[in-house]
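1. Kindly generate the corresponding structure for this input.
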Amino acid sequence: MPVFTYKTTDRGWAILSTGASLIILLVVSVWGFTLISDWMQKRTWLNTASQVSRFTQAVKSYTGRYYDTLLSSATTTTPVTVTPAMLKNTGFLEQGFSETTVDGQAYLAAVVRNATNTDQLQALVYTQNGAALPFLALRQISMDITSGMGGYIWTSGTATGAMGSWTIPLLQFGISTTQGHIAALLTTDELGAARGENDRLYRFSVTGKPDLNTMHTSIDMGGNNLNNAGTINAVTGNFSGDVAATGNITANGTVTGQNVTAGSNVTAGNTITANNDIRSNNGWFITRGSKGWLNETYGGGFYMSDNDWVRVINNKNIYTSGQVRGGSVRADGRLSTGEVLQLDGVNTAGAVCSPNGLVSRDATGAILSCQSGVWRSGQVKFTTQAYNIGQNVIDQYIGIHAYCSWTYLFSAPLGGTQKVYSDGNNGWRVTNTPYNGYQTGSSVSVTCLNLPGAGI
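-> Predicted coordinates for the structure are as follows:
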């Protein structure tokens, strides 16, 4: 049987081919990674250019709006510095706009007078601080800036335009920055055009340019009408004629006028203040709740807190030189008069009355009081009563009287002891006794006075 033998002469070539393929793959990978890295870097620079363009456009619009103000402040060598904060506060730059580039460079702008035409302005946008950019980045960014003339600072003290299109000393703008920073030039013509755009009022809105629809001075209509307006928002309004509204008029502040006339109701959610009278021709002064009228200066007034009583605020007094009239008048304290008390009601003594304690008068003017359900006269009427006291009487009780006194001695007054006295409760007693053998006549007389209220 024959034996076949094979030689593997290409094994080495296969290994060499595989190694070469791996090397090529590695080279391609490195090259591809470099391309991707370069592409990402350029995208970052493009984003920076876009940011610079937005900031430059905001500076341009700001300068156009405040051209005269900036012109009065700037000189040919002393700039007015414009910052991102200023642009945000005036609405030319979005509040969320970053004030630095991705490399930490801060945006600024210097506005100066043109050295040749000193009544015109020019400006330079530039960056400060942060990480310095390489020349390749500066060249790329400057070419991608779309607002103003893009440039950069590579040579110390000089701003250079994209592709070397222009150069300008930084001292001309009164500023300084270091190598590796961005610049953008706003020429006199550009700022003049911005000023012109700012002077025209556009009929239609322009995206990104709200300033074109904004007035910066007074507008004189020459006596013509302003018709078909929607909402009018204003700080103040001055009218020499009438103001008419078919709907509501709402004011969050003060409404001031010579006269205010309403054909229907006037409603206020808060205070109504008048420097003169508040009058009602044919209506009431109406309040609700426990409120009424209050004098703020002196703290007095009237109010009601229930269905029965009109009350005085802070318990103030009521004063009038005229009359105070009512169905009845009650005083919880003392009732005083500075003149006389006039009783118009006339009653008759002895007539029935109620309740006890009433006071009246009769037809002659005599005072009557209601006592035990009967009108009684207030006149004082008295009676007298005489007693004849015999001899040898000791402490004889003669009754209740207002006062008693000896009035007469019968027969010859021979002497003796005679006493007439009260026991302290209007009860009177008498004594008639001998003294040292002497005695009065057959009797003596005692006369007593009886008064109402004295127990009688």
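2. Please enumerate the helices of this structure.
-> Counting by DSSP state H, the chain has these helices, from start to end: 11-65, 67-73, 84-89, 135-144, 188-199.
3. Comparing those helices by mean pLDDT, which bottoms out?
-> For the helices of the chain, the weakest mean pLDDT is recorded on helix 11-65, namely a mean of 73.
4. you'd agree T83 is up against V111?
-> No. Counting by C-beta atoms under 8 Å, T83 does not reach V111; the two are 11.7 Å apart. Just so you know, the C-beta spots here come from the backbone N, C-alpha and C atoms, and that holds for glycine as well.
5. Which of these two has more residues huddled nearby?
-> Taking neighbours as other C-beta atoms under 10 Å, T83 and V111 compare with V111 leading, 25 against 15.
6. ok, V346 to G365 distance?
-> As judged by C-beta to C-beta, to the nearest Å, V346 and G365 stand 9 Å apart.
7. between the two, who's got more neighbours?
-> Using other C-beta under 10 Å, the more surrounded residue of V346 and G365 is V346, with 12 against 8.
8. Tell me, how many residues neighbour the residue nearest to the more buried one when sequence neighbours are not counted?
-> Nearest residue to V346 in three dimensions, chain neighbours excluded: A363, at 5.7 Å (C-beta to C-beta, 6 or more residues apart in numbering). Neighbours of A363 under the rule other C-beta under 10 Å: 8.
9. where does A363 land on pLDDT?
-> For A363, the predicted pLDDT is 89.
10. and the gap between it and S377?
-> A363 sits 12 Å away from S377 when distances are taken as C-beta to C-beta.
11. and if you look at W45?
-> Distance from W45 to S377, by C-beta to C-beta: 123 Å.
12. same thing with Y67?
-> In terms of C-beta to C-beta, Y67 sits 107 Å off from S377.
13. F92 now?
-> For F92, the distance to S377 - C-beta to C-beta - is 103 Å.
14. Can you pick out the residue with more neighbours from those two?
-> Shown here are F92 and S377; by other C-beta under 10 Å, F92 has more neighbours (23 against 17).
15. which ones are touching the more buried one?
-> With contact taken as C-beta atoms under 8 Å, 6 or more residues apart in numbering, F92 is in contact with A58, V59, S61, Y62, R65, D211.
16. Select only the buried ones of the residues you listed in PyMOL?
-> Restricted to buried positions by 16 or more other C-beta atoms under 10 Å, the PyMOL selection for the contacts of F92 reads:
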select buried, resi 58+59+61+62+65+211
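17. At which residues are the strands of the stretch 201-350 of the chain located?
-> Here the stretch 201-350 of the chain has its strands, by DSSP state E, counting those that start in this stretch, at 292-295, 300-303, 311-312.
18. Convert stretch 152-167 to PDB, retaining C-alpha atoms only.
-> C-alpha atoms of stretch 152-167 as PDB (Å, rounded to 0.1, in the frame of the first residue of the first chain):
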ATOM      1  CA  TYR A 152      -9.400  86.300  18.800                       C
ATOM      2  CA  ILE A 153      -6.500  87.500  20.900                       C
ATOM      3  CA  TRP A 154      -3.300  85.700  20.100                       C
ATOM      4  CA  THR A 155      -0.800  88.500  19.800                       C
ATOM      5  CA  SER A 156      -0.500  90.400  23.100                       C
ATOM      6  CA  GLY A 157      -2.500  93.600  23.200                       C
ATOM      7  CA  THR A 158      -4.200  93.100  19.800                       C
ATOM      8  CA  ALA A 159      -7.500  91.600  18.600                       C
ATOM      9  CA  THR A 160      -7.300  89.800  15.300                       C
ATOM     10  CA  GLY A 161     -10.100  89.000  12.900                       C
ATOM     11  CA  ALA A 162     -10.900  85.500  11.500                       C
ATOM     12  CA  MET A 163      -8.300  84.600   8.900                       C
ATOM     13  CA  GLY A 164      -6.500  87.800   9.700                       C
ATOM     14  CA  SER A 165      -9.300  89.900   8.200                       C
ATOM     15  CA  TRP A 166      -8.700  92.800  10.700                       C
ATOM     16  CA  THR A 167      -6.600  93.800  13.600                       C
END
